[in-house]
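# 3D, please:
(chains A, B, C and D)
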2 protein chains.
Amino acid sequence: MKPKKRITIYDIAEKLNITASSVSRALNNSNHVNEATKNLVLKTAAELNYKRNVLASNLRMGKTKTIGVVVPRINQNFFSNVIAGIEDATYQKGYNLIICQSNESRDKEIKCVNTLINQHVDCIVISVSVESDDHTHLKNVIEQGIQLIQFDRVAEELETLKVINDNEQASMEAVTHLIEQGYKRIALLEGPQSLNIFSQRKKGYLAALKKFNMPVIDELIIENAWTKELGAAATRKLLSLPEPPDAIFASTSDFSALGVLDVAHDMDIKVPAELGILGYANEPFTEITTPSITTIDQFSVHMGKTIANLYFEEMDKKEETVVTPKVISIKPQLIVRSSTRRLK
Amino acid sequence: MKPKKRITIYDIAEKLNITASSVSRALNNSNHVNEATKNLVLKTAAELNYKRNVLASNLRMGKTKTIGVVVPRINQNFFSNVIAGIEDATYQKGYNLIICQSNESRDKEIKCVNTLINQHVDCIVISVSVESDDHTHLKNVIEQGIQLIQFDRVAEELETLKVINDNEQASMEAVTHLIEQGYKRIALLEGPQSLNIFSQRKKGYLAALKKFNMPVIDELIIENAWTKELGAAATRKLLSLPEPPDAIFASTSDFSALGVLDVAHDMDIKVPAELGILGYANEPFTEITTPSITTIDQFSVHMGKTIANLYFEEMDKKEETVVTPKVISIKPQLIVRSSTRRLK
DNA sequence: TTTGAAACCGCAATCGATTGCCTGAATTTA
DNA sequence: TAAATTCAGGCAATCGATTGCGGTTTCAAA
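Residues are numbered from 1 along each chain as shown, chains lettered A, B, ... in the order given. As a prediction, the model looks like this:
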């Protein structure tokens, strides 16, 4: 209960009859100290169990070796994996992570970003919320000279570092797979088109249809079906059409694919024979449903590590004048499982 | 690219021809400033878009309004939910969260804790790793005057604030349920007994058997079966016994229960008719397996909020001399699903 | 008009670490 | 031997916000 007094450089200085300046230089391995004194300082620092006061250092240096992360939800598999990846890579370099969740609310996102700016984090990593249409708060980050890295859901018009998935390509491959399995009427569950990831996935869907000269049927495209419940509702609607689809690509998430599967079970529709189901994100549960769900893996932990490494690379070359807003695109992988495999 | 100069209290002071002291007092709503000047300061602060420099304030005040969280793995459903709960509750009070993962390694756990101490966090929230047997690093936290809150997996001998589940009670209810469903030979998959949570669950298992005067059969208790793979291996061993069990309580996690289910499927054993399966943690996937898995919900998000609120309560009464190491126990809830329901 | 007490506000120190500048000593070069 | 470097280390300012102490002003009571 009596907070033990922490040892400062002044304590060390006093003990060795030198000034704090020299102690500081010794601890920072400056070449303006005698090798002998340096060793002496290091030795007594260890003896006294000295720990640098990070607060003081931060204030003086103006940087905090801290990275702020803003995600819609911490407890969503994709995001917690990305965070785990970031943590893993940044930890090794002695960086800390401050985590915020925007809860898909623009207001909270703005507040989170401002908090992080106030905390003087060295870098802000963000995946924007659905509501987020205006991006002045992100521009603020850049104006403050804080490195900004967007991932997954990004504001495309902002020229920042970005780490994204090639959603369009993945989506096209997914739909191609469905077509190759002989599905003829492929429905699409789409998410809010204001988010780049969802509009890209739609593009991929359209591209695949075009490639195979298949018609785009408007009634098979359902807007805003990005939760399990919305996915289920959309499925009921689709399956009651005069000409129902024979496959549903839940491009928004595996959760909506799960909603599709539930409804199929309820209506006694055979998957994959009568209905193919394809999700997105490779949530752990997709492997263990009956039938298991074909989906797309986003390499989320790897994505986190990539983000961290991108930051460190950018730091290393900070003196270079040419600043190119680098975009790293990770190619997701189609994981074919039982819910769409009806050939062979 | 030109980091906009931030406004300080000196800028405000200069503009208003007063000293920084007064500005500071005005901003902190001290009653040692004239109401008029206070308003003037507030007004110009807003005009100049002043933001308090948190680093300076932290240094001066010696506290950071930051809570450090150490968990074995961020991307494990239970922990990410607890974190989400903590974040939710602390955010409202203007606190930040620094997150670390120990990866179940004692070394990394120690390093994480030391980092958090160095960062002068106001509170450390931790769920210890499996490897963690020696707890001097936690004692350090207390010595530094930092509030320590343990949750879920706790070092019982340390007198700290704790938020835990009543594992024994939950486990007993679970086994009671199995017995009531008519299962006669109930196996237990147990985790490392060095962790309190696992030994408590074993106690509950034993207590339930005793209550119903059922014998404890050693060969039905399998040590160290706390992953999906280990759970599967244990199940193969159990089911090849001369007298195999008719129910398996995977007390370690739903993942090991999933391993059990997989093996049952492979061996064409009917669940729940021939084998009852009971897991722990109410992972999302338990609801969607075939059959769905009976499990125990730990109210993880609520647990996170409880942790945060406990901290704030403790802060409020910090002046009081009597410091009682409070323990909050949350009663988990048995969720009965298909994998154990064979009556009615 | 004097006294006393609030009420305001400024001064200067403090929280520790860092760093530019300067001085004196040691060493090298001419 | 004198001049030019180099090297070590000290001084003091700095990063902004906070706060104890003391001084000045204001206003009311005597």
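# how about the residues of chain A near DNA strand C?
Residues of chain A lying close to DNA strand C (Cβ under 7 Å from any atom of the strand) are A:6, A:8-10, A:20-21, A:24-25, A:27-28, A:32, A:50, A:52-53, A:56-57, A:59-61. In this view, the C-beta of every residue, glycine as well, is placed from N, C-alpha and C.
# now chain A, which segments are flagged as low pLDDT?
For chain A, the stretches with pLDDT under 70 are A:1-3, A:318-323, A:344.
# and with 90 instead?
Within chain A, the stretches with pLDDT under 90 are A:1-6, A:31-32, A:75, A:130-134, A:226, A:284-285, A:288-290, A:315-325, A:343-344.
# what about the residue in the stretch 101-250 of chain A that DNA strand D sits nearest to, how many residues nearby?
Residue nearest to DNA strand D within the stretch 101-250 of chain A (Cβ to the nearest atom of the strand): residue A:120, separated by 9.6 Å. Residue A:120 sits with 20 neighbouring residues when counted by other Cβ atoms under 10 Å in any protein chain shown.
# likewise residue A:301?
Residues near residue A:301, counting by other Cβ under 10 Å: 19.
# now do the contacts for it.
Taking Cβ atoms under 8 Å, 6 or more residues apart in numbering or on different chains, we find residue A:301 in contact with A:81, A:82, A:84, A:85, A:88, B:75.
# my guess is the second one meets residue A:303, correct?
Which is residue A:82. Yes: counting by Cβ atoms under 8 Å, residue A:303 is a contact partner of residue A:82 at 5.3 Å.
# identify the contacts common to these two.
The overlap between the contact sets of residue A:82 and residue A:303 (Cβ under 8 Å, 6+ apart) consists of A:151, A:152.
# looking at these two, which one has more neighbours?
Neighbour count, other Cβ under 10 Å: between residue A:82 and residue A:303, residue A:82 has more, with 30 against 22.
# contacting residues around that one?
Counting by Cβ under 8 Å, 6+ apart, residue A:82 touches A:71, A:127, A:151, A:152, A:300, A:301, A:303, A:304, A:307.
# now the residues you listed in a markdown table, with secondary structure?
What follows is the contacts of residue A:82, written out as a markdown table (DSSP: H, G, I helix; E, B strand; the rest coil):
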| residue | secondary structure |
| --- | --- |
| A:71 | strand |
| A:127 | coil |
| A:151 | strand |
| A:152 | coil |
| A:300 | helix |
| A:301 | helix |
| A:303 | helix |
| A:304 | helix |
| A:307 | helix |
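# closest one to chain B out of those residues, please.
Distance to chain B across the contacts of residue A:82 (Cβ to the nearest Cβ) is lowest for residue A:301, with 7.5 Å.
# ok, the closest residue to the closest one other than its chain neighbours - contacts?
Nearest residue to residue A:301 in three dimensions, chain neighbours excluded: residue A:85, at 4.1 Å (Cβ to Cβ, 6 or more residues apart in numbering or on different chains). By Cβ under 8 Å, 6+ apart, the contact set of residue A:85 is A:300, A:301, A:302, A:303, A:304, A:305, A:306, A:307, A:308.
# same check on residue A:290?
Counting by Cβ under 8 Å, 6+ apart, residue A:290 touches B:289, B:290.
# can you name the two of the contacts of residue A:85 that are farthest apart?
Pairwise distances across those (Cβ to Cβ) peak at 13.3 Å, for the pair A:300 and A:308.
# could you list which of the contacts of residue A:85 also contact DNA strand D?
Within the contacts of residue A:85, nothing lies near DNA strand D by Cβ under 7 Å from any atom of the strand.
# give me the buried entries from those residues.
With burial judged by 16 or more other Cβ atoms under 10 Å in any protein chain shown, the buried subset of the contacts of residue A:85 is A:300, A:301, A:303, A:304, A:305, A:306, A:307, A:308.
# shouldn't the fourth one be in contact with residue A:86?
Meaning residue A:304. Yes: contact criterion Cβ under 8 Å: residue A:304 and residue A:86 qualify, at 4.1 Å.
# need the overlap of contacts for those two.
By Cβ under 8 Å, 6+ apart, no residue touches both residue A:304 and residue A:86.
# include secondary structure and distance to DNA strand D when you put the contacts of residue A:301 into JSON lines, please.
Below are the contacts of residue A:301 laid out as JSON lines (DSSP: H, G, I helix; E, B strand; the rest coil; distance: Cβ to the nearest atom of the strand, whole Å):
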{"residue": "A:81", "secondary structure": "helix", "distance to DNA strand D": "37"}
{"residue": "A:82", "secondary structure": "helix", "distance to DNA strand D": "32"}
{"residue": "A:84", "secondary structure": "helix", "distance to DNA strand D": "34"}
{"residue": "A:85", "secondary structure": "helix", "distance to DNA strand D": "33"}
{"residue": "A:88", "secondary structure": "helix", "distance to DNA strand D": "32"}
{"residue": "B:75", "secondary structure": "coil", "distance to DNA strand D": "36"}
